[in-house]
Structures are given as C-alpha cells and as structure tokens.
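S.K.: got a predicted structure here, sequence first:
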Amino acid sequence: MNTNSFTFKLDEEQQQALRQLLKASHYHPETVPHTQIAVSILNCRINLYKSGKLLVQGKSAQEWITFTLETEILKEAIVGYEDVYDPEAIQPHMGIDESGKGDFFGPLVIASAYVDEGLVEKLREIGVRDSKKISSDNVALNLAREIRKILGDRCAMVSIGPRSYNRMYSKIRNVNKILAWGHARAIENLLEKVPDCPRALSDKFGPTHQIERALMEKGKTIQLDQRTKAESDTAVAAASILARAGFLYALKTIGKEYGFDVPKGASEKVRREAEKLVAYKGPGILLDTAKCHFQTTDKVLAEVGYSRKDLPPLN
C-alpha cells in the first residue's frame, strides 16, 4: 500500500510501551496539541494522541511502522499485508456503503464503487479509508472528488430524500428494509456501467436476503457478501466516502433552501434547530427536511406545541 499517512488505535498497554520507546534520544520532541507525545525522525512524524490514536506520517512512515511499531509495539504485521490476509480485496468487485442513517436531518445516501487491482492501488495511494475515520468534512469532500476522478463512471449513488424516505417508512416500517432497497438500487445502477462485476460487498446490517429480494434482473447473478467492518475493504471505503460527500452536499442544499445551518446527527443541538424550524414554518417542514420516525420528531413537536397528528399526510 503506497501511502504516507497511517493511523492506529492503541490500547493502554501499547500506549505506555510506545511512550517509553519514543523517549529514545534519536526521536526529536515536537509540540502538537492534544497529544501524549509527539516526535519526529527523518521523513517521519509520530503523534500519539490522548484518545489513543496514533498518527504516523511521512515518506519513511511505512518503514518505521514495519521495522519498529509492528515488531516492538503491535507484535503483528499489518501494513503491506492486507492482500495476503484478504486476496479478494484486489480482485474485481464493488463496495456499497451509506451515510445519513443516524442523522435526523437530511437524506439517506447509498453509494457503490467498483475496483480492480489497478484501481485499488490508486485509491490506496490517495489514502482512501473508511469515512468514519475521517474527522473533517472538508477532507471527506476533497477525497470524494479525487475518488471520482480515479473511478470515472465506475461508481453510483442513490439518495433517498426526506419526503421519499418518510413515505417509504410509512409503508415499510423498517429502516433495514429501506437500506436494503437502497443497496440494491446502488448495485443495479453500477451494474449498468460495469456489467461484468462479479461480487458486491457491504457492511453487515441485516439478512443478505433483504438485498437479494430487492435486486432486479441485472443483480440476480451477482455474488452478495456482507461482513462486519467491511469498511476496511478499499471499495467499501471509497463508497463510504462518496456517500458521506453526497450526504454533506444534500445538507447544504437543504440549508440554502430553508435558510438555516443544518446540523448532523441527532443531538440536543439538532433538536433545538428543529424546534426553531417548526416554530417558524410549521410541523409539515419536518417531512421535507428530516427522518420523521426518529423519536426526535415527537420531542420537537411537543416542545413547540404540536403532535404527530399535526403532520400533514404524505402524498
């Protein structure tokens, strides 16, 4: 894997051992906010954060990881061995992932991305990894642009806007079934562009047959795989970043249309924004901006003097 940036999550014992190791005289101390210890050596910067996250960057990063971190701290070989442990990772396949499932505002976005050995190498070179490990929205948006340049038309996206989502939920009453439908559409749409793709991989969120039932003619012959932590696969990671970027763009669009900064998640801040929105525009606005099966809906409506009975019917 050709990249100059690596992150690891260390347990307490590993953190303690690494702090001791990095006190050696050939490591030069650096000042980096929120770190337990930060040092540099030639062409390599090593930051151990208070959260236990280790960030290693620079041209010599992989060399230091291979000959020092893996042998003395991790006690296992990780970097550079992904394809030995998972040979299917570089074989032709597509990855599917979603964004927005846990967010009150905005759509549910599902993306699919096709890779083969050459594309995997190019995506790894730009640092493609699970979007949940990318803390900055700007980084995710920029990375998504780079992914689209590499993949061209070998990716697809399905966005289920709030009104469509609420309509589907009122009939299906099951989030995983909506998610399975979206995954199936993302698979079908990508098969239009890459008809010979033999396999589709996604994170495990429910029974595989839910997706199989939702597939149409083109998807009936593809091998469907689900596994936990599938985001470690490059195709799934690319789909994860594309889906997140699509979700972020959708939030910006909603914000421009209705005149407010749309927050992510389902926190108290989200509730307060929703309350202000309903107070100004009425309860029906939630059908066009939010996922109304969330309990947040009941709390917001009650706070502003409404109930679900005041929501207009879905057309």
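M.R.: Yep, that arrived. Numbering: from 1, shown residues only.
S.K.: okay, strands next: where are they in this structure?
M.R.: 5-9, 28-29, 35-41, 44-49, 53-57, 93-99, 108-115, 155-160, 199-203, 223-227 (DSSP state E).
S.K.: closest to residue 237 out of these?
M.R.: strand 93-99 (7.1 Å; CB to CB). Any C-beta I mention is one placed from the backbone N, CA and C, and that applies to glycine too.
S.K.: for that closest one, what is the average pLDDT?
M.R.: The pLDDT scores in strand 93-99 average 96.
S.K.: gap between that strand and the chain center?
M.R.: 9 Å (CA atoms, centre = their mean, to the nearest Å).
S.K.: who does the longest helix anywhere in the chain touch, helix- and strand-wise?
M.R.: Counting by DSSP state H, the longest helix found in the chain is helix 234-258. Under the contact definition 3 or more CB pairs under 8 Å, 6 or more residues apart in numbering; DSSP states H and E, helix 234-258 sits against strand 93-99, strand 108-115, helix 117-125, helix 137-151, strand 155-160, strand 199-203, helix 285-289.
S.K.: any stretches of the chain with poor pLDDT?
M.R.: Residues of the chain meeting the criterion pLDDT under 70: 1-3, 77-87, 129-133.
S.K.: so which of the strands of the chain is the most packed in?
M.R.: strand 108-115 (a mean of 30; mean count of other CB atoms under 10 Å).
S.K.: how far does that one sit from its chain's centre?
M.R.: Worked out by CA atoms, centre = their mean, strand 108-115 lies 10 Å from the chain centre.
S.K.: and that strand, which strands flank it?
M.R.: strand 93-99 (antiparallel), strand 155-160 (antiparallel) (DSSP bridges).
S.K.: quick one: closest of those strands to residue 72.
M.R.: Among the strands paired with strand 108-115, strand 93-99 sits nearest to residue 72 (CB to CB), with 33.5 Å.
S.K.: what's next to that closest one, contact-wise?
M.R.: 108-115, 131, 179, 182-183, 186-187, 190, 194, 197-203, 230-231, 233-240, 243-244, 246-247 (CB atoms under 8 Å, 6 or more residues apart in numbering).
S.K.: now tabulate the strands paired with strand 108-115 in JSON lines and tack on distance to residue 289.
M.R.: Below are the strands paired with strand 108-115 laid out as JSON lines (distance: least, CB to CB, whole Å):
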{"stretch": "strand 93-99", "distance to residue 289": "17"}
{"stretch": "strand 155-160", "distance to residue 289": "14"}
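S.K.: picking up where we left off before, could the strands of the chain go into JSON lines alongside distance to residue 271?
M.R.: Output for the strands of the chain, formatted as JSON lines (distance: least, CB to CB, whole Å):
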{"stretch": "strand 5-9", "distance to residue 271": "31"}
{"stretch": "strand 28-29", "distance to residue 271": "44"}
{"stretch": "strand 35-41", "distance to residue 271": "34"}
{"stretch": "strand 44-49", "distance to residue 271": "30"}
{"stretch": "strand 53-57", "distance to residue 271": "30"}
{"stretch": "strand 93-99", "distance to residue 271": "21"}
{"stretch": "strand 108-115", "distance to residue 271": "20"}
{"stretch": "strand 155-160", "distance to residue 271": "23"}
{"stretch": "strand 199-203", "distance to residue 271": "28"}
{"stretch": "strand 223-227", "distance to residue 271": "33"}
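S.K.: to residue 314, which of the ones you listed lies closest?
M.R.: Using CB to CB, the nearest of these to residue 314 is strand 155-160, at 13.7 Å.
S.K.: off-centre distance for the closest one?
M.R.: Worked out by CA atoms, centre = their mean, strand 155-160 lies 14 Å from the chain centre.
S.K.: on that earlier part again, want to throw the helices and strands packed on helix 234-258 into TSV with distance to residue 37?
M.R.: Listed next are those as TSV, based on distance: least, CB to CB, whole Å:
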stretch	distance to residue 37
strand 93-99	34
strand 108-115	37
helix 117-125	28
helix 137-151	24
strand 155-160	40
strand 199-203	34
helix 285-289	45
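S.K.: closest one to residue 217 among the ones you listed?
M.R.: Taking those one by one with CB to CB, strand 199-203 is closest: 15.2 Å.
S.K.: send me that closest one as CSV with only the CA atoms.
M.R.: What follows is strand 199-203, C-alpha atoms only, in CSV (Å, rounded to 0.1, in the frame of the first residue of the first chain):
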residue,chain,number,x,y,z
ARG,A,199,-19.2,-9.5,-6.5
ALA,A,200,-20.7,-6.9,-4.2
LEU,A,201,-19.5,-6.3,-0.6
SER,A,202,-21.2,-4.2,2.1
ASP,A,203,-21.1,-3.9,5.9
